[in-house]
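> Fold the following.
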Amino acid sequence: MKMKEIIELSTDELLTKRRDLRQESLHLRLQQQSGQLEQPSRLRSLRRDVARIETALSQRAKQTEKK
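Reported below is the predicted structural model:
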């Protein structure tokens, strides 16, 4: 997910997306522990997507504080 796509989403959508990505990350980590993970690179991309969403949310929070 690109940063441009993330910025276009509403705050509620971002919170939902973050929850879903964290849930998927949990499932992938469980698969990794049991040796069933087919795409180890997916974990890395999920972590980065969550970080991008967190960044967008914190930027929005700072903007609302300034107003």
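> Show me the shaky parts of the protein.
Nowhere does the chain drop to pLDDT under 70.
> longest helix anywhere in it?
Criterion DSSP state H: the longest helix present in the chain is helix 40-66.
> Enumerate the positions of that helix that are buried.
Buried residues in helix 40-66, counted by 16 or more other Cβ atoms under 10 Å: 43, 46, 49-50, 52-53, 56. In this view, the C-beta of every residue, glycine as well, is placed from N, C-alpha and C.
> Tabulate those (CSV), appending distance to residue 21.
What follows is the buried residues of helix 40-66, written out as CSV (distance: Cβ to Cβ, whole Å):
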residue, distance to residue 21
43, 11
46, 5
49, 6
50, 5
52, 10
53, 7
56, 13
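> Tell me which other helices or strands the longest helix of the chain touches.
Contacts defined by 3 or more Cβ pairs under 8 Å, 6 or more residues apart in numbering; DSSP states H and E place helix 40-66 against helix 3-8, helix 11-34.
> now, of the ones you listed, which is deepest in the fold?
helix 11-34 (a mean of 13; mean count of other Cβ atoms under 10 Å).
> okay if I get the helices and strands packed on helix 40-66 as TSV plus distance to residue 67?
Below are the helices and strands packed on helix 40-66 laid out as TSV (distance: least, Cβ to Cβ, whole Å):
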stretch	distance to residue 67
helix 3-8	18
helix 11-34	15
